[in-house]
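> Need a 3D model of the following:
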Amino acid sequence: MVLSWLGLPRDGSDDALRILSMPSEQLPQFMATDGFTDQLRDAIVSFCERTYWRRVWILQELILAQKYVVMCGAGSVTSESLDGALACFSQQAQPIDTRKARESYQGIVTSAANEIVLSKRLASFCTLSRWLRLCLEANYQATVPHDYLYALFSISSDNVKASIEVRYNKPIADIYRQLLESLVEDPTSRLNRDWLLGLSQKMGLSHQEGIALLNSEYLRRHGDLGELFTGVGSEPEALESTTASFDSRTRDAILAFFKRSYSKRVWILQELFLSQKYIVICGSKIITDDDLHAGINAIKVFSKLSASGHAGLIKKTPAVWHIHTKFFGFHWFNDLSRFSSVCSQEDVEATEPRDRIYAFLSVSWDCANGLLTIMPDYDKPVRTILYGTMKLLASSNAFAIGVATFGTSR
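Below you'll find the model as predicted:
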């Protein structure tokens, strides 16, 4: 049993612990009452976003622990209660009629504490590179930069640890070089080099040092100069300089491309997700999956640097959601409920309504690993399939998919 001490009570943490410790069968009922105020929701958000949760050694400790108790002041909550409560907030099915309430629920679901709870469920599927991406995206912290690697070795499902010696007196540049050499996937591909460059800076290396090490690894793996990484596309100055050319016409053209009917079909989404590599052909133009993802990621970064409103481009279409899910599957947690919730959008098309579930059985981690068992049966009424699937998801603490998944089809 691991005991985790968050510190002294503040920002309503006593109230937060009281709610998080509620029995799982009582919490949904309480959430539906007027007693679950904005103040209480804010207290839970504050508790779940304490800096404690974003330390890499805390991440390692809680992932490895079979059970743990989180203590704050005189109050506490067990890992089982915390897991159940955060699952309830994620499954929140009551209408949310105020902006403040929506922001609070979103804050809980995207909090550092919930990241750890969700990560713990999928720990056996997590390679070192996926943990590193999570640390980068969720802004995990380490006092010693070496620990961005060392703290994650024992919770990684691959065997990278065997090729990297734990030595705190080694220069960071040497450790980073060892990481690049040990990764099975090519760290110099378009898919990996941007986030690895970001990791190098998080570990204390300069922008130029990170680029030099990535290029050195490129030469080691490919034996020629090829097209070396300049890092220009990752620099804020370079992105800001494109503001004038990235106008509304360009934005609308990109959105129209991703909203073509081809990319709305559920079986196409499944096919692309299962493929190791693919290329997209439109007229005489061809783009690889790596380049497509790099472009979307650039738009995501650009939207943070300006008030242009382009951020919606990475959220509006199933095709864009699919690309991010494929490349960042760990962070998005590809369970059946996630896929089904995307298929409930009007933009997703299925000639046969049952395929809004069946098309994703082979790509959902919970189905693929035997945690959910659903046998396709096109003779069953749609309503029967809906209720049966919802019952399975509810029993597995998955997210509720809702009636909207099948629309109003028979």
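
> quick one, helices of the stretch 151-300 of the chain?
Taking DSSP state H, counting those that start in this stretch, the helices of the stretch 151-300 of the chain run over residues 172-182, 190-202, 207-222, 236-240, 248-258, 266-274, 289-305.

> For these, give me a markdown table that also has distance to Leu386, mean neighbour count and mean pLDDT.
Yep, even glycine has a C-beta here, placed from its N, CA and C like the rest. Below are those laid out as a markdown table (distance: least, CB to CB, whole Å; neighbours: other CB atoms under 10 Å; pLDDT from 0 to 100):
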| stretch | distance to Leu386 | mean neighbour count | mean pLDDT |
| --- | --- | --- | --- |
| helix 172-182 | 46 | 18 | 92 |
| helix 190-202 | 36 | 20 | 84 |
| helix 207-222 | 48 | 17 | 85 |
| helix 236-240 | 44 | 13 | 40 |
| helix 248-258 | 28 | 13 | 75 |
| helix 266-274 | 16 | 18 | 77 |
| helix 289-305 | 32 | 17 | 60 |
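
> mind checking which of those helices is nearest Arg102?
Relative to Arg102, the nearest member of the helices of the stretch 151-300 of the chain by CB to CB is helix 289-305, separated by 20.5 Å.

> for the helices of the stretch 151-300 of the chain, which one sits closest to Val117?
Closest to Val117 of these is helix 190-202 (CB to CB; 23.4 Å).

> Surely Ser4 is in a strand?
Yes. Under DSSP: H, G, I helix; E, B strand; the rest coil, Ser4 falls within a strand.

> returning to what we had before: I'd like the helices of the stretch 151-300 of the chain laid out as JSON lines, including distance to Cys282.
JSON lines is the format used below for the helices of the stretch 151-300 of the chain (distance: least, CB to CB, whole Å):
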{"stretch": "helix 172-182", "distance to Cys282": "34"}
{"stretch": "helix 190-202", "distance to Cys282": "19"}
{"stretch": "helix 207-222", "distance to Cys282": "29"}
{"stretch": "helix 236-240", "distance to Cys282": "25"}
{"stretch": "helix 248-258", "distance to Cys282": "7"}
{"stretch": "helix 266-274", "distance to Cys282": "14"}
{"stretch": "helix 289-305", "distance to Cys282": "11"}
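
> Looking at the ones you listed, spot the one closest to Val382.
Across those, closest to Val382 is helix 266-274 (CB to CB), at 14.5 Å.

> so what does that closest one touch, helix or strand wise?
Helices and strands touching helix 266-274, by 3 or more CB pairs under 8 Å, 6 or more residues apart in numbering; DSSP states H and E, are helix 318-327, helix 355-358.

> averaging pLDDT over each of these, which comes out lowest?
Looking at the helices and strands packed on helix 266-274, the lowest mean pLDDT belongs to helix 318-327 (a mean of 55).

> the strands in the stretch 1-150 of the chain, which residues?
With strands called from DSSP state E, counting those that start in this stretch, the stretch 1-150 of the chain shows them at 2-5, 68-72, 75-78.

> Just give me the neighbour total for Lys389.
Let me fix one detail, which is that residue 389 is Thr and not Lys. With neighbours defined by other CB atoms under 10 Å, the count for Thr389 comes to 21.

> Once you drop chain neighbours, what's closest to it?
Once flanking residues are discounted, Thr389 sits nearest to Ile357: 5.7 Å by CB to CB, 6 or more residues apart in numbering.

> and the one you found, how many neighbours?
Around Ile357 there are 26 residues (other CB under 10 Å).

> thinking it is in contact with Thr384, fair?
No. The pair Ile357 / Thr384 is not scored as a contact, 11.7 Å apart, by CB atoms under 8 Å.

> got any ranges where the stretch 301-410 of the chain has weak pLDDT?
In the predicted model of the stretch 301-410 of the chain, residues 301-347, 363, 365-372, 393-410 satisfy pLDDT under 70.

> Can you tell me how far Arg85 is from Val144?
Not Arg; residue 85 is Ala. Note on Ala85: its distance to Val144, by CB to CB, to the nearest Å, is 33 Å.

> do the same with Val69
Taking CB to CB as the measure, Val69 and Val144 are separated by 27 Å.
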